[in-house]
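1. have a look at this prediction, sequence included:
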Amino acid sequence: MMFDQILETLRDNGKSGAAYTKTIALAEQAMKDDAERAVAYGLLCELGERFLESTGRLPVTSVQIDKAFEEFSKATNDLKAAYDKGDAGETLQTVNAIATLSRTPLDLSA
């Protein structure tokens, strides 16, 4: 599973738009390399793209960046935990919750 590597890539690259772009590319590669979890990696792509679409070229504060990172981190860790546990029902619930989150506008209010 590449969940930790995806999260580390975002963290180590400053949680910026460029970092989300790298994270999306890594998640896309993970979809190909770890097809059993492709839906989870696809959802992380969606969350990364949502960040990029929400921020565009607008200035973003460090508080907003940290808030978005916390949300992305929670989603990533929830997916990892669900797959680690191996309970299909719990995994489906987690995937569904994150799918819903990925279609909810990113709230960057401080």
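-> Right, received. Where do you want to start?
2. select the longest helix from the chain.
-> helix 62-85 (DSSP state H).
3. distance-wise, check Ile98 relative to Gly14.
-> Distance of Ile98 to Gly14, given as Cβ to Cβ, to the nearest Å: 23 Å. From N, CA and C alone the C-beta is placed, and that goes for glycine too.
4. more neighbours: those two, which one.
-> A direct count of neighbours by other Cβ atoms under 10 Å for Ile98 and Gly14 places Ile98 higher, at 22 against 11.
5. ok, now which ones touch the more buried one?
-> Taking Cβ atoms under 8 Å, 6 or more residues apart in numbering, we find Ile98 in contact with 40, 43, 47, 75, 78-79.
6. how far away is it from Leu43?
-> 5 Å.
7. find residues that contact each of the two.
-> 75, 79.
8. please give the element, helix or strand, for Glu53.
-> Per DSSP states H and E, Glu53 falls inside helix 38-55.
9. now do that helix against helix 62-85, angle only.
-> With axes from the mean of the first three to the mean of the last three Cα atoms, to 10 degrees as the basis, helix 38-55 and helix 62-85 are set at 170 degrees to each other.
10. what's the mean pLDDT across helix 38-55?
-> Helix 38-55 comes out with an average pLDDT of 96.
11. likewise for stretch 77-92?
-> Here the average pLDDT along stretch 77-92 is 97.
12. can you check the distance spanned by that stretch, start to finish?
-> Start-to-end span of stretch 77-92 (Cα to Cα, to the nearest Å) is 15 Å.
13. name the residues of it that are buried.
-> 78-80, 82-83, 91 (16 or more other Cβ atoms under 10 Å).
14. closest one of these to Ala27?
-> Distance to Ala27 across those (Cβ to Cβ) is lowest for Leu79, with 10.8 Å.
15. next, Gly86: phi, psi?
-> The phi/psi pair for Gly86 (degrees, to the nearest 10) reads phi 80, psi 10.
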